[in-house]
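Peer 1: let me see the structure of the following:
(2 chains)
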Amino acid sequence: MLQGGLRGALNQSVLEASGPQAAKVERLWWIAFTTAAIVYVLTMGALWFAARRARRRELRGELLDETAAEPRMTRAVTWGTAATLVILLLFLGADLLVGRTLSPIPKKQPLTIEVTGHQWWWEVAYADTSPHGRFTTANEIHVPVGEPVLLVLEAQDVIHSIWVPNLAGKKDLIPGYTQSLWFQADTAGLYRGQCAEFCGLQHAKMALQVVAEPRTKYEEWAAGQQKPAQNATDPVASRGREVFLTGTCVMCHAIEGTSAGSHVGPDLTHLASRRTIAAGTLPNTRGALAGWIVDPQRIKPGVHMPPNQLKPQDLDALLTYLQTLK
Amino acid sequence: MVGASALVLLSLANACDREQRRFRENPPSTSPSNVRVSALQPGTMVDTAHVAGPYDNNAWAVTEGQRLFGWYNCSGCHANGGGGMGPPLMDDKWIYGSSPENIYNTIVQGRPNGMPSFAGKIPTQQIWMLVAYVRSLSALNTTGARSSRQDHMMMYPGSTSLQDPAKPVQSFKPPASEMP
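Peer 2: Numbering: from 1, shown residues only, chains lettered A, B, ... in the order given. Okay, the predicted model is just below:
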């Protein structure tokens, strides 16, 4: 019940660690929980015992011997304080120990992913030794199973914090300061993460997904992402491409292989391959996409995406085009 | 008495407008028409009535305009208002007029010698936000709506508001030996 209560939707729980980093955090959580539970039970038991004993004495008509009670009281307070100090020191020690074991980055050259926090979405760039191997996506991190992954964290505007509880602890993304965090996903699956530092109006709707998949599947995905957007062939899609390139979209978004190259909004080169839009707010369906383009301020009030009043046939063409961006 | 209470109400209404964040607002359907960019005109002098910028008194819209100024690369030519390839926007010289509708048209239509037309590229609402910000650079909208933070290039050192020409403060005075 406890685990169920703490678990959000879709694999987002500290208590279901899927990697070595998260396992350490989970162990620390259990140490703190067990200790606190034992202390609670002992305290409540002592209280119950004391209350019962006092009541019995009163019923028997015994009087409290104050000269004997005084040193007993002193002894109890001393033991109580000592126990509290020891437990707090134990917590502090465990915390520092876990912190130390979490920080060293694995010596083996890990897959490096640059994650940049924006209000209110995540820019995800895969670093590569050659420039043509580099690619950018948004709000979705694909990683191979069983391999260490290094996240290089930066922020564009304000402080954000990345937290994928099944895989690693939190780490702040601070403007002008590069941080790093590593994790390893041991089981394939979909893990939800979110911003854990209040970052403005739509902080609550700033989520991301980590997709852990076997090495071959990951490489297939990465190869697809490295390619520029495919050319629109059917007339409706090419009309949609024209709407995109001549309208307001190009002011903020980029699509590789076209003249759209602005990077203040998410890169849309492979938009249709993503599971969600608007940083995990909506499923990536045609209807959701239409609602998001026309009236984003109803879905995420204050978001930097402006409303776009398009003619119905233009919107339809634009949606068709965006859905070809696999 | 009635006048005084009306004034209090008016100032309250203004104060509210300063902080209001209007996310889902319908942009003005028509763009300003019959706008003159020059005081020179044939016939008798007719001063067209100025259109009030919808966001001139709204602090949030001014800072949104400030963000868009960077995002849409206005700073590429105008720097942060100080000017570069394009004319400065912090001074009191206006080639094509300083009223909200003039600035709106300058952004939408473009101007000779480099200012591109942003027609169809920036939503109307955002153009008006940019107008509010550009006007705040030379202190043309209400003091209350202007940002008090020093995010950008200032008119003079030590300035705490985007511009406050009434009280020029020189925090650093060069020594007399260095003065011409």
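
Peer 1: spell out which parts of the stretch 201-326 of chain A neighbour chain B.
Peer 2: Contact residues, the stretch 201-326 of chain A versus chain B (C-beta under 8 Å from any C-beta of the partner chain): A:246-248, A:250-252, A:264, A:295, A:297-298, A:301-302, A:304, A:306-309. Using the backbone N, CA and C atoms, a C-beta is placed for each residue, glycine as well.

Peer 1: now, the residues you listed that are in helices?
Peer 2: The helices, defined by DSSP state H, take in A:T246, A:Q297, A:R298 from these.

Peer 1: isn't the first one up against A:A317?
Peer 2: No: taking contact to mean C-beta atoms under 8 Å, the distance of 11.8 Å between A:T246 and A:A317 leaves them out of contact.

Peer 1: please report how far A:T101 lies from chain B.
Peer 2: 41 Å (C-beta to the nearest C-beta, to the nearest Å).

Peer 1: contact partners for residue 132?
Peer 2: This is for chain A. A:H132 makes contact with A:Q226, according to C-beta atoms under 8 Å, 6 or more residues apart in numbering or on different chains.

Peer 1: not quite, go with chain B.
Peer 2: With contact set as C-beta under 8 Å, 6+ apart, B:A132 has these partners: B:G53, B:Y55, B:D56, B:N58, B:A61, B:V62, B:G65, B:P100, B:N141, B:A145.

Peer 1: I'd like to know how many residues surround residue 58.
Peer 2: Chain wasn't specified; assuming chain A. By other C-beta atoms under 10 Å in any protein chain shown, 11 other residues sit near A:E58.

Peer 1: try chain B instead
Peer 2: So B:N58, with other C-beta under 10 Å, has 25 neighbours.

Peer 1: roughly how far apart are it and chain A?
Peer 2: 14 Å.

Peer 1: what is the neighbour count of A:F135?
Peer 2: Neighbour number of A:F135 under other C-beta under 10 Å is 21.

Peer 1: next: the one 10 residues further on.
Peer 2: In terms of burial, A:V145 registers 18 neighbours under the definition other C-beta under 10 Å.

Peer 1: ok, the one 3 residues further on next?
Peer 2: Close neighbours of A:P148, defined as other C-beta under 10 Å, add up to 20.

Peer 1: pretty sure it is touching A:A185, no?
Peer 2: No: using C-beta under 8 Å, A:P148 makes no contact with A:A185, being 9.8 Å away.

Peer 1: for A:T269, which non-adjacent residue is closest in space?
Peer 2: Closest residue in space to A:T269, ignoring its immediate chain neighbours: A:E256 at 4.3 Å, by C-beta to C-beta, 6 or more residues apart in numbering or on different chains.

Peer 1: may I have the helix or strand where A:S238 lies as PDB, with CA atoms only?
Peer 2: Here A:S238 sits within helix A:235-246, counting by DSSP states H and E. The C-alpha coordinates for helix A:235-246 follow below in PDB (Å, rounded to 0.1, in the frame of the first residue of the first chain):
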ATOM      1  CA  PRO A 235       0.900  17.400 -51.700                       C
ATOM      2  CA  VAL A 236      -0.800  17.900 -48.400                       C
ATOM      3  CA  ALA A 237       2.400  17.400 -46.500                       C
ATOM      4  CA  SER A 238       4.300  19.700 -48.700                       C
ATOM      5  CA  ARG A 239       1.600  22.400 -48.200                       C
ATOM      6  CA  GLY A 240       2.100  21.800 -44.500                       C
ATOM      7  CA  ARG A 241       5.800  22.300 -44.800                       C
ATOM      8  CA  GLU A 242       5.100  25.600 -46.600                       C
ATOM      9  CA  VAL A 243       2.800  26.700 -43.700                       C
ATOM     10  CA  PHE A 244       5.500  25.800 -41.300                       C
ATOM     11  CA  LEU A 245       8.300  27.600 -43.100                       C
ATOM     12  CA  THR A 246       6.300  30.800 -44.000                       C
END
